[in-house]
Every structure is written in structure tokens, then in C-alpha cells.
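Q: Quick check, what structure comes out for this input:
(chains A, B, C and D)
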There are 2 protein chains.
Amino acid sequence: MSQIKTMKELADLAGVTTGTVSRALSDSPLISPKTRERLQALAREHGFKPNLLARNLRTQRTGAIGVLIPLGHEKGQHISDPFFITMLGYLADELTERGYDLLLSRVIPEDENWLDQYVGSGKIDGLIIIGQSDQSETLDEVAARYRPMVVWGGHAPGQAHCTVGSDNILGGEIAAQHLIDRGCQRIAFFGDPQALEIAQRLEGCKRALARAGLSDNLTVLPAHLVAEAAHPDIAGFLGSVSQRPQGIFAASDVIAMSALRALAEYGLAVPGDVKVVGYDGLAIGEQTVPRLTSISQDLRLGATTMVDLLLRRIAGEDTGSVVLDPKLIVRMSS
Amino acid sequence: MSQIKTMKELADLAGVTTGTVSRALSDSPLISPKTRERLQALAREHGFKPNLLARNLRTQRTGAIGVLIPLGHEKGQHISDPFFITMLGYLADELTERGYDLLLSRVIPEDENWLDQYVGSGKIDGLIIIGQSDQSETLDEVAARYRPMVVWGGHAPGQAHCTVGSDNILGGEIAAQHLIDRGCQRIAFFGDPQALEIAQRLEGCKRALARAGLSDNLTVLPAHLVAEAAHPDIAGFLGSVSQRPQGIFAASDVIAMSALRALAEYGLAVPGDVKVVGYDGLAIGEQTVPRLTSISQDLRLGATTMVDLLLRRIAGEDTGSVVLDPKLIVRMSS
DNA sequence: ACAAAAAATGCAATCGATTGTAAATAACTC
DNA sequence: GAGTTATTTACAATCGATTGCATTTTTTGT
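A: As a prediction, this is how the structure comes out:
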């Protein structure tokens, strides 16, 4: 039982040419059922698998989608961040279901060419980028010449690249309104508005407060996105602030979890003393004590949408950006 | 500014052949510094990136490592499971640092050929499999003819495939001993021993109890691995068991988190009424209330080790399995 | 049984790079 | 400046499949 590695070997063995083998294995109608069956059986018997590289080179299609996580403004953020990971899982599910592989890379955008490594390398048919970080201009520039690219993140007017994301302003508004409805007068916003999405969430928050005439009662704490880094930020804040906030709106669930922990350490009851709302609607919010109220982004739908748009772009279609509706999930922390 | 897509185009533009271009771009000593510089400048100027598929086809090396997650015995388990995701993040870090890409696929082992899709497809240089699930025999069989493969999981005598994992028996022993040291007399084990690793952890747990003469005080609850599925298991258990356990040893941190939540819902204080120890040492254990005591597997070291072994196997070396030491991390839940 | 139409297979170019070898040019030696 | 040796560069085969077109084989009609 020799190991058949190439079509040539199989063809020689069967006394035909590689062309015939190729057609037989791909169920081409140009081949007689008899030889097709014979060759397929032979291939199966010898465990022959065609070399996909060669196939892809010839067909100019790789069957792989690149997924990039640019870690721009927040150094130290890791692929294992719950948000990334959740999104990645959904993307993997969606892509594998559609027959695509997923080529994962973590990129630290140092030179401005970080994107060109992937674009046009021939390894991927399209590109999904999770989070714009602070690379919005780079993305715009690349989008001008590379069509099959979709970005997760906030949509801002004038953006050239195709984005999918939730309406962060609306989400922020809903979260703040919810806290107000629960009787909070003083509200703290935890998150660094340097990132576009977070700035938008803060904007929405401000609108809701303005409407309720509470604009002066907002404190903004530019907490880190990474859980380990966020905790001291928050602990420090709770320890120092004299007028304790009655409501906390955290710009991400990860930050909210750090907040919950810090509050517990200070002996403050949630939601009794302080109410907390997160953002993202991650599954880990179900596991916190108390379970976390959050603005859900429906990441599964987001992933599906991104893949959808991307495949249409690969097919040549031109697509606009999609803005999803954020939704309030009331659990036990508010 | 025409778009240069291939070496041929660039070569024509420069008035040389593709061979020269190829050597110039790869810093071959066979090329004069002058033309090398000229061609590199030209390539940069036109944003030329060589097609990696073609290169890989020629060099018979893809620069990509496949990472597979077989979801065997536990249906519904998702890539976004915190353990997978954490491991995946470390692997991505480690691999990208060494210049490899990471080709992610979720596989549901339905036909027995699920592995052959990847082995010998030419798309990857090697394979890392996270978790054996219940596919140990398949893995052994493939390992016999496909060398560059490393599996995360428990090592059992007689296994033919190369594994990296922690000493689950020892880990189980340490966890149980810790609970005993803290004064627990009745202990519950949460986890389904159908999976090899979990069976080993239970085994270690039993040993520690036997040594303390508490063998009769163990209850085993075969909880699910998935958080959503585990919670009802656990809630049901806590509601029904008459002799409440004083210590809970959860076979994974995810299960432990469900346990913490269920305990909180029953108004039981942790660690006052019940002490909880998890397994895996995941970062989310830092975020629970109270922070979770756990047996740490040092997944970062595990990932590094797997990549190490894999690269050595790719280079032709033959390597044995590695068993890592589990370590107790005492936090607030015990 | 013979010509024409249809079906099946073979042939060879192609995808875009890499690389051994041959040829052309440059650099020395005396 | 002729003869040699070093450098550079061009040529062409190669990786392993796919596919348009030419050719052979089979089928069909009369």
C-alpha cells in the first residue's frame, strides 16, 4: 500500500492522465460514470487528498478568511479578551459552516503597512477586522483598493470602510436612561473615550442625562479595557470619590466585572447601594454575582452579518455599512 | 501608479527576469547590492507583495499551523468556551511570534475521516489539537502516519500520540487535600468523568480522601462542561442534597463559576458555608465574586510547550509527551 | 457497415513563485 | 590586452492541481 501523494501518481497507477483524475474527483460531467467511479474508489483506497495549495493557486481562491485583531491604543490587550474571543467563536462557527477556514492573526500596528501583509498575499479571500482601535484612517486607505474587507466597530460619517456594529450612541442612551429610571441621580461612566465606540457610548449617556436635567451629575473615569488594568483604576476611584455614584455605566462588560468586584471589596451592595450596567451582553455576564445588566450587541448576529457582507463583497457586490440595534438586558445588577 | 500584482510584472517593469526579482527580494547574496536595492525600492513603491500560495507550493512549506477543536462527547460546546479561547489566545501569541499563522477550525467528528481533511491537504505544516474529547483512538491512528501533531490533554499509558497536559491526578489530589486542610468533611465533585482528564482529576480527588479516611463522604455530580448547561445540574443538586457538602471541587473553572452563582442564589456564603475549588486557573477566576481558588494549569507554558514540540516534530525530531505540574492558586473562595 | 454526431480522454498551458544551471558581464592578474 | 576567475543575471524546470482545446473512442442513424 504505497502512499499516493499526487494526482500524477494516481493517474499513472490508473493508466490515465491527471486531467482525467481531476475531473473524475470533482464530479465533472465530462467523465464517464465508469471511470469516475473507478478513480474515486482508487483515490479513497489510497487515501489520496489533493493538495489544496496547488488547487488554490490555480483557481485563485483560497477558501480562507483572515481575521485580524489590531491592538492599537490599548497595549497589553490580549486575544483572550472575552469580547474578542466571543466574537471569534461566532465568526469561526459562521465561517466554518459556510466552508471557509479562519486564519487568525494578532497584529500590532507598528509600521503603517501592517495591513498589506495580508491584503494581496493570496492566502485569504477576504478580511475581517475586529475593532478599529485607533486605526480608522489606515483602514480607510486600505479599503480604497481592497474591497473584500469588513470591520467590526462604530460607524462614523465619512468612513470609507465597511463596518458592522451597534448604534453606540443609542446604546449609551438606553443604559443611562435605565439607570435614571431606577432612581440614580449621580452616575459614573467607566471607559476611555479615546476609542471611537466608547466615545459614542459616552455621548449617548450624556444625552440621556441632559434630557433628565442631570448633566452636572456625571463623572467620567477613563478606565482601561483590560480587566487587570481596569481594577486598580476603579478601586482608586471608589476609594477617593466623595459623592459616591448611585449608578455606574461601564463601557464594556469586562470593565463592569472589575467594577462589581471592586464594589464588593468596598462592601457596597449591588444593586442596593450602587447599580451597574455593562456593555456587550457577553455570556460571562450570566456568571457574575450578581448577574450583570448589560447593553447587548447581539454578537452572533453581528458575526453573521459581517460574514454575509464579506461574501457579497468577495462576489463583487458593493455593500454599505450595517448598524445593529443595541438592546437592554436587565439582569440583577440594576 | 499601476497595481503590480506579480513578479513578472515587476520584472518587466525593471527590465529583469522574475528570478532576479525573487532573489533580490529575498536578500540573496547572488544579487548585486545595486540591483537589489533598486528592485526592493521598486517593489515597495508599487506595494508589491509576493503571492504566498505560489511560494508555499514551490517551497512545500505553508507557514501555517492548524488548530482543531474536536467537539466529541459534549455537544453544544462552543469555541467561545473560556478554556478554549484562553488556550487559543496563547497559541496565537506563541505561533505568530514564531512567524506562523494559525488556521482555526471547529470540527465535529462525525465520520472517522475528520482528521484527514487537514492532514496532507498541504495547507498546514502541523497540527495542534485542543482536547482529545473521546477521540483518543482516532488520534492514535492518525499519529502513526502523520508526525507533526501535538494534542492537548491528559496522558494515558499506551497512547501513541504526543500530548501536552498537566498531571490531572496530582491536580485532583492537591485540590481535594486543600479542601480537607480547610476543614471540609463532606466533599462534592462536579464534573463528568466520561472525559479522560476529568476522570483523572476525580481519581486524584479520591486518593486524597482515602488518605484522610473520608472516602465515604464524596458525592460525584456529572455536571456538564458548558456553563449554561451546568447551572441547572448544580442548582438541582444543591436543592436536593440533604447533607450539604462543605467543599466543592469543580472539574473546571467554568463549572466552578456556575457553582458560585448557584450557591449565591441559595443564600450560601462562600467560603463561609461552602468552599469551592476550580480547575484550569483561568483569568476569569479573578473576576468572580468571591475570586476563585483554582488548580492552575499554566496554559501559557502549555501553549509554548506544544508549539515547541510541534516545531521540533516538523523538523523531523521525535518527541515524547510532556506532563506539566498543576499548581494550587488560593484565592478567596476557599 | 459507414458516416456523422456525441462522449470521453489526452495534451499542454496556466496559476506565481523558487532555484539549479548556463550564459553574460565585470574584475583581476601578469 | 589576453586569459582567468568572480559576479551577476537570464533561462527553464518545478511545485500540484485545473481547464480549454484537440484528439480519440463510442454511440447513433440510416
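Q: C-alpha only now, for contacts and for neighbours.
A: Will do.
Q: Next secondary structure element downstream of the lowest-mean-pLDDT helix or strand in chain A?
A: One helix or strand of chain A scores below all others by mean pLDDT, DSSP states H and E: strand A:101-107, with a mean of 79. Toward the C-terminus, strand A:101-107 is succeeded by strand A:126-130 as the next helix or strand (DSSP states H and E).
Q: quick one on the thing from earlier: what pairs with the least confident helix or strand of chain A, parallel or antiparallel?
A: If you go by DSSP bridges, strand A:101-107 pairs up with strand A:64-70 (parallel), strand B:101-107 (antiparallel).
Q: So which of those is the most surrounded?
A: strand A:64-70 (a mean of 23; mean count of other C-alpha atoms under 10 Å in any protein chain shown).
Q: distance between it and the chain's centre?
A: Its chain's C-alpha centre and that of strand A:64-70 lie 10 Å apart, by C-alpha atoms, centre = their mean, to the nearest Å.
Q: tell me the angle of it relative to strand A:126-130?
A: Comparing the axes of strand A:64-70 and strand A:126-130 via axes from the mean of the first three to the mean of the last three C-alpha atoms, to 10 degrees yields an angle of 30 degrees.
Q: Going by contacts, tell me the helices and strands next to the helix or strand just after strand A:64-70.
A: Using DSSP H and E, the helix or strand that follows strand A:64-70 in sequence is helix A:82-97. Applying 3 or more C-alpha pairs under 8 Å, 6 or more residues apart in numbering or on different chains; DSSP states H and E, we find helix A:82-97 packed against strand A:101-107, helix A:299-314, strand B:101-107.
Q: let's see 7 Å
A: Contacts defined by 3 or more C-alpha pairs under 7 Å, 6 or more residues apart in numbering or on different chains; DSSP states H and E place helix A:82-97 against helix A:299-314.
Q: List the neighbouring strands of whichever helix or strand comes after the helix it packs on plus their orientation.
A: Along the chain past helix A:299-314, the next helix or strand (assigned with DSSP H and E) turns out to be strand A:322-324. Here strand A:322-324 is paired, per DSSP bridges, with strand A:163-166 (parallel).
Q: Please list the residues outside the helix or strand following the strand it pairs with that contact it.
A: Note on strand A:163-166: by DSSP H and E, the next helix or strand toward the C-terminus is helix A:168-181. For helix A:168-181, contacts defined as C-alpha atoms under 7 Å, 6 or more residues apart in numbering or on different chains pick out A:154, A:197, A:200-205, A:207-208, A:247, A:249, A:277, A:295, A:326.
Q: Stretch A:241-249 too?
A: Outside stretch A:241-249, the residues touching it (C-alpha under 7 Å, 6+ apart) are A:175-176, A:179, A:184-190, A:273-278.
Q: ok, back up a step: now the angle from the least confident helix or strand of chain A to helix B:82-97?
A: Using the same axes, to 10 degrees: strand A:101-107 against helix B:82-97 is 70 degrees.
Q: ok, and what's touching strand A:101-107?
A: With contact meaning C-alpha under 7 Å, 6+ apart, strand A:101-107 is reached by A:63-71, A:92, A:95, B:92, B:96, B:101-105.
Q: Next: stretch A:205-219.
A: Counting by C-alpha under 7 Å, 6+ apart, residues outside stretch A:205-219 touching it are A:172-173, A:176-177, A:185-189.
Q: Return it as PDB; C-alpha atoms alone will do.
A: This file holds the C-alpha atoms of stretch A:205-219, laid out as PDB (Å, rounded to 0.1, in the frame of the first residue of the first chain):
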ATOM      1  CA  CYS A 205     -25.100  58.700  28.100                       C
ATOM      2  CA  LYS A 206     -24.700  62.500  28.100                       C
ATOM      3  CA  ARG A 207     -27.800  62.900  26.000                       C
ATOM      4  CA  ALA A 208     -29.900  60.900  28.400                       C
ATOM      5  CA  LEU A 209     -28.600  62.800  31.400                       C
ATOM      6  CA  ALA A 210     -29.200  66.100  29.600                       C
ATOM      7  CA  ARG A 211     -32.800  65.100  29.000                       C
ATOM      8  CA  ALA A 212     -33.300  64.400  32.600                       C
ATOM      9  CA  GLY A 213     -31.600  67.600  33.700                       C
ATOM     10  CA  LEU A 214     -28.700  65.700  35.300                       C
ATOM     11  CA  SER A 215     -25.900  66.800  33.100                       C
ATOM     12  CA  ASP A 216     -23.800  68.000  36.100                       C
ATOM     13  CA  ASN A 217     -24.000  64.700  37.900                       C
ATOM     14  CA  LEU A 218     -21.800  62.700  35.500                       C
ATOM     15  CA  THR A 219     -18.300  61.600  36.300                       C
END
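Q: buried ones in it?
A: A:205-209, A:214-215, A:218 (16 or more other C-alpha atoms under 10 Å in any protein chain shown).
Q: try stretch A:92-102
A: So stretch A:92-102, judged by 16+ other C-alpha under 10 Å, has buried residues A:92-96, A:100-102.
Q: least confident pick among those residues?
A: Of all these, residue A:96 carries the smallest pLDDT score, 77.
Q: which ones are touching that residue?
A: Contacts of residue A:96 (C-alpha under 7 Å, 6+ apart): residue B:105.
Q: can you tell me how far it sits from residue B:100?
A: 21 Å (C-alpha to C-alpha, to the nearest Å).
Q: Could you do residue A:265 as well?
A: 43 Å.
Q: Kindly report the same for residue A:37.
A: 39 Å.
Q: that older thread, quick one: closest of the strands paired with strand A:101-107 to DNA strand D.
A: Nearest to DNA strand D, of all the strands paired with strand A:101-107, is strand A:64-70, at 15.9 Å by C-alpha to the nearest atom of the strand.
Q: CA atoms only: put the closest one into PDB for me.
A: C-alpha atoms of strand A:64-70 as PDB (Å, rounded to 0.1, in the frame of the first residue of the first chain):
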ATOM      1  CA  ALA A  64      -9.800  31.100   3.900                       C
ATOM      2  CA  ILE A  65     -10.900  34.300   5.600                       C
ATOM      3  CA  GLY A  66      -8.300  36.300   7.600                       C
ATOM      4  CA  VAL A  67      -9.400  37.600  11.000                       C
ATOM      5  CA  LEU A  68      -7.300  40.400  12.400                       C
ATOM      6  CA  ILE A  69      -7.300  41.900  15.800                       C
ATOM      7  CA  PRO A  70      -5.400  45.200  15.700                       C
END
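Q: tilt between it and helix A:299-314?
A: 120 degrees.
Q: Quick one: mean pLDDT for strand A:64-70?
A: Rounded mean pLDDT across strand A:64-70 is 86.
Q: cool, stretch A:273-282 as well?
A: pLDDT averaged over stretch A:273-282 gives 94.
Q: what comes into contact with that stretch?
A: Residues outside stretch A:273-282 that contact it (C-alpha under 7 Å, 6+ apart) are A:175, A:245-253, A:256, A:292-297, A:333-334.
Q: Now do the buried residues in that stretch.
A: Quick answer for stretch A:273-282 (16+ other C-alpha under 10 Å): A:274-282.
Q: In this structure residue A:87 contacts residue A:299, no?
A: Yes. In terms of C-alpha atoms under 7 Å, residue A:87 counts as a neighbour of residue A:299; the distance is 6.3 Å.
Q: returning to that earlier point: with just CA atoms, put the least confident helix or strand of chain A into PDB.
A: C-alpha atoms of strand A:101-107 as PDB (Å, rounded to 0.1, in the frame of the first residue of the first chain):
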ATOM      1  CA  ASP A 101     -11.300  28.400   7.100                       C
ATOM      2  CA  LEU A 102     -10.300  31.100   9.500                       C
ATOM      3  CA  LEU A 103      -6.800  32.400   9.500                       C
ATOM      4  CA  LEU A 104      -6.200  34.200  12.800                       C
ATOM      5  CA  SER A 105      -3.500  36.800  13.400                       C
ATOM      6  CA  ARG A 106      -2.900  39.200  16.100                       C
ATOM      7  CA  VAL A 107      -1.300  42.300  14.700                       C
END
